[in-house]
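*Asks:* Below: sequence and its predicted model.
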Amino acid sequence: MRKYYLAPVDNRKSFYGKAYVIVSDNGTETLYSYETEIARKEVNGTITRIWPGWSATTGRHIKAFCGMGKKEFCALPVSD
């Protein structure tokens with residue numbers, strides 16, 4: 001398992017450590033925003049929504065993680 005900090009894809013310099021990704025030994029990546037588990041990306045590219053909410057800041061983290069905007073992300077079923 002390893003951890004890396006997410007970088008913004010917009011004009012911001014940094015997320016200041018508030019968004020990071022844990023990569024499991026099997027390659028699955030899990031996005032954390034403000035210490036909350038948000039979404040998971042499987043090795044095959046499948047995105048699983050874990051957090052049922054949305055906020056502007058976490059939305060920027062989601063965009064940087066998987067490229068999805070609010071409409072796409074909120075359309076995903078919530079899983080645990």
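*Replies:* Structure's in. What do you need?
*Asks:* And the residue nearest the centre of this protein?
*Replies:* Leu31 (3.6 Å; CA atoms, centre = their mean).
*Asks:* Angles on the backbone of that one, please.
*Replies:* phi -90, psi 130 (degrees, to the nearest 10).
*Asks:* Mind checking what helix or strand follows the helix ranked longest in the chain in sequence?
*Replies:* The residue-count maximum for a helix in the chain (DSSP state H) belongs to helix 56-66. Moving toward the C-terminus from helix 56-66, the next helix or strand (DSSP states H and E) is helix 70-75.
*Asks:* Averaged pLDDT, that following helix. What do you get?
*Replies:* Averaged across helix 70-75, the pLDDT comes to 97.
*Asks:* list the buried ones in that helix?
*Replies:* Phe73 (16 or more other CB atoms under 10 Å). Placement of C-beta: from N, CA and C, glycine included.
*Asks:* which other residues reach it?
*Replies:* Ala39, Arg49, Trp54, Gly59, Ile62, Cys66 (CB atoms under 8 Å, 6 or more residues apart in numbering).
*Asks:* hmm, 7 Å instead?
*Replies:* The contact list for helix 70-75, computed with CB atoms under 7 Å, 6 or more residues apart in numbering, reads Arg49, Trp54, Gly59, Ile62.
*Asks:* Thanks again, I'm all set now.
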